[in-house]
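>>> Sequence and computational prediction follow.
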Amino acid sequence: YQRRVFFFFFFFFRPSLYPFLTLMTDIEEEIDPVRSEPAQIVEEEDLDDDFDYHSVELSSDDEQEFPETFQDALRTVELDRQKEMPPEIKPVVSRQPEVIDDFIRNFLVKVGLTRTLESFETEWYEKRTQLNGEADKLLVPDAYQQNSQLEGELMLTKEELQRTKALADKAKSAWEKLKKERDFHKAGHNRVVQEKAKLTKDIKRLQAQCTKYDPLIAELRHKYEAAMKQKMLVVLDRDKLVLKLAAMENTVKELESGKPVEPAMTKSSKKQSSPGDTAWPAEDRPNPLAGVHFKPPSNPSTWGPRQTHRGHSMSVSSIALHPTNPNCATASDDKSWKLWTVPEGELVMSSVDHKDWISCIDFHPRGTHLATGSGDHTVKVWDFVKAKCAVTFKDHSQGVWGVGFHDTGDFLASCGLDQTARLWDLHSLKCRSTLRGHVDSVNGLCFKPFSNLLLTCSGDKTVSLWDPRTAYCTQTYFGHDNACNAVSIAPRGELIVSTDADGKVILWDPRTVKALQTLDCGPHPANGVSIDRTGSFLAIASDDGTIKLHNLVDDKEPLRSIRGHEDAVLQVVFDKAGSFLVSCGSDATWRFWG
């Protein structure tokens, strides 16, 4: 046991004590030389049986005289197999040397100095007892462990230093890269600043030049408008002269031959007077309202909603008054139109033959028919006597936004999303003319009273005046900044009014083609407009749910609003007598105001 303990502490002791251990081993061999030599002879021992045992000395050569048994063969094969196998990986066990006091105890036990060991133990424990808790002062510091710990810390410090150097080099390269990029961007910024200053200077110079050109542009626009007006007059005079010349030539031929001869006609007149076509009315017809004085209505700004009628399930998009009877017709997004009594609101007639929303409605001047335009690309004319649809026009390629009868009742005009306006002959039941020139949806139209001219307004921010006989645009009114929603003309023809999606209302003089006045009803769109027959008041349907009224006689009087609808007002119409007005809106109602 003492030997095992000695060798255990021997292998874990620090290398600095190896010479001392060697000296101790030499002393042990001198004390017990027999223990140090290996035994070569099996000595005789006393046994209890009677057999006579003798000691026999064996040599190494005698082992080969015995034959190999089966077990030996198996053992040999197993050894060869283990040699061929990869070497076993043994765990590495760290060894720590023993402390000095344990080493002294183990050494005294090993050499058998028991009395010295007892004396050492006695003095050692007495000394520890006297210190009373300060026994740690007797411990001899383990220099090997401290050196190992310091060496490990040194290695960790070196590794951390290497990593820090690598990170510092990487940060330095990144810094150099960022510095180069900063210099590059700084140079680019300086270049951009210089270019900006140059462009600012050029813009100011161009603005100054444009300011100089503004008077010239205004003068050219004025000349253009005057030239267009002169061209329109020349075209009309030319047509009149061509007709007169053709009539005179026919009269001369008739007188020379003595036979009746058909009047000579131009290409356009041949097209217009084909079999079944209605002849155009005379151009110089007088306006019967020109010399009539009507009593102006009472101030409409004091009017209020007398009757409210909810007869549709969806928005009421258009409303029209019967020319002679106390009736009105409404069109709705629910694909139906209805005829009502005014102001009672009793239903007289209705129809749901359209396949999509109905956007516009208008009465025949004699009150015998009704026209509607729909999102199903059709225009229908309804006969009140037969109580059914008399004719359907299908030439529009997209939805129809507006319809209007000519004052003679022989023609019907329509416009729509296909950027065209069309003129229909109600006798030949065909399209007599297609007016193309707008570059956006044509949103509204109306005939100039007692003439052959047609007004249209479009989403391209313009109002145009057309001659349907030649399909030629005779005049274009510029001034709106957004899509035009509606257009109307005074009964005497002395004033044109147009509205747009910004709420701007412009009053035009058709003779000078200039804007007389601009009304701001914004920011909500102005959806519809109507002028009373005396030309004294203007009613505007606004998207904010109000009807705005303007006194045309007193321009300085501010706009007044009357409220009653719960949602946007889409159209408003004055009574011919000027005693009331009707309106319709997105709240699915139509209202009577008076």
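Cool, the structure landed.

>>> after the helix or strand of the chain with the lowest mean pLDDT, next one along is what?
Counting by mean pLDDT, DSSP states H and E, the chain has its least confident helix or strand at helix 267-272, which shows a mean of 40. Downstream of helix 267-272, the first helix or strand assigned by DSSP states H and E is strand 305-309.

>>> chain center to that next one, what's the gap?
42 Å (Cα atoms, centre = their mean, to the nearest Å).

>>> helix or strand right after that strand?
As assigned by DSSP H and E, the chain's next helix or strand after strand 305-309 is strand 316-321.

>>> List the neighbours of that following strand that are in contact with it.
327-333, 342, 357-363, 570-571, 573, 575-576, 582-586, 588-590 (Cβ atoms under 8 Å, 6 or more residues apart in numbering). C-betas here are computed from N, CA, C, even on glycine.

>>> does Pro288 really touch Arg492, like I thought?
No. Contact status for Pro288 versus Arg492: not in contact, 9.9 Å apart, counting by Cβ atoms under 8 Å.

>>> and those two? which has more neighbours close in?
Neighbours per residue (other Cβ atoms under 10 Å) separate Pro288 from Arg492, with Arg492 holding more: 18 against 12.

>>> distance of the more buried one from Ser397?
Separation of Arg492 from Ser397 (Cβ to Cβ, to the nearest Å): 36 Å.

>>> now His189
Counting by Cβ to Cβ - His189 and Ser397 are separated by 55 Å.

>>> Over to Lys127?
120 Å.

>>> got it, and Leu154?
Counting by Cβ to Cβ - Leu154 and Ser397 are separated by 92 Å.

>>> Then Gln571?
25 Å.

>>> Between those two, point out the one with more neighbours.
Gln571 (25 against 11).

>>> Which pLDDT value belongs to that one?
Predicted confidence (pLDDT) for Gln571: 95.

>>> ditto for Trp280
For Trp280, the model assigns a pLDDT of 86.

>>> Count the neighbours of it for me.
17.

>>> Filter the contacts of strand 316-321 down to the buried ones.
327-333, 342, 357-363, 570-571, 573, 575, 582-586, 588-590 (16 or more other Cβ atoms under 10 Å).

>>> So which of these are in strands?
If you go by DSSP state E, the buried ones among the contacts of strand 316-321 have 327-332, 358-363, 570-571, 573, 582-585, 590 in strands.

>>> Could you list the residues in contact with stretch 477-486?
Contact partners of stretch 477-486, identified using Cβ under 8 Å, 6+ apart, comprise 440-441, 443-444, 457-465, 496, 498-502, 504, 506, 508, 513, 515, 518, 525-529, 571.

>>> From the residues you listed, which land in strands?
Using DSSP E, those in strands are 443-444, 457-458, 462-465, 496, 498-500, 504, 506, 508, 515, 518, 526-529, 571.

>>> Might one say that Leu445 is in contact with Ser498?
No. The criterion here is Cβ under 8 Å, and Leu445 misses it with Ser498 at 11.4 Å.

>>> and for those two, which residues touch both?
Shared contacts of Leu445 and Ser498, counting by Cβ under 8 Å, 6+ apart, come down to Cys457, Val487.

>>> Now for the residue lying closest to Ala588 once chain neighbours are set aside: which residues touch it?
Among residues not flanking Ala588 along the chain, His312 sits closest, at 5.1 Å (Cβ to Cβ, 6 or more residues apart in numbering). Residues near His312 by Cβ under 8 Å, 6+ apart: Thr330, Ser332, Asp333, Asp334, Ser336, Lys338, Ala588.

>>> switch to 6 Å and redo it
Ser332, Asp334, Ala588 (Cβ atoms under 6 Å, 6 or more residues apart in numbering).

>>> Could you tell me which residues make contact with the last one?
By that I understand Ala588. Arg310, His312, Met314.

>>> can you rerun that using 8 Å?
Applying Cβ under 8 Å, 6+ apart to Ala588 gives the contacts Arg310, His312, Ser313, Met314, Ser315, Val316, Ser332.

>>> how close does it sit to Ala320?
Ala588 is 18 Å from Ala320, by Cβ to Cβ.

>>> do the second one as well
In this structure, Asp334 and Ala320 are separated by 17 Å, where distance is defined by Cβ to Cβ.

>>> In terms of neighbours, single out the busier of these two.
Higher neighbour count among Asp334 and Ala320: Ala320, with 24 against 19, using other Cβ under 10 Å.

>>> Please name every helix or strand in contact with the longest helix belonging to the chain.
In the chain, taking DSSP state H as the definition, the longest helix is helix 143-257. Applying 3 or more Cβ pairs under 8 Å, 6 or more residues apart in numbering; DSSP states H and E, we find helix 143-257 packed against strand 462-467, strand 472-478.

>>> Cool, thanks, talk later.
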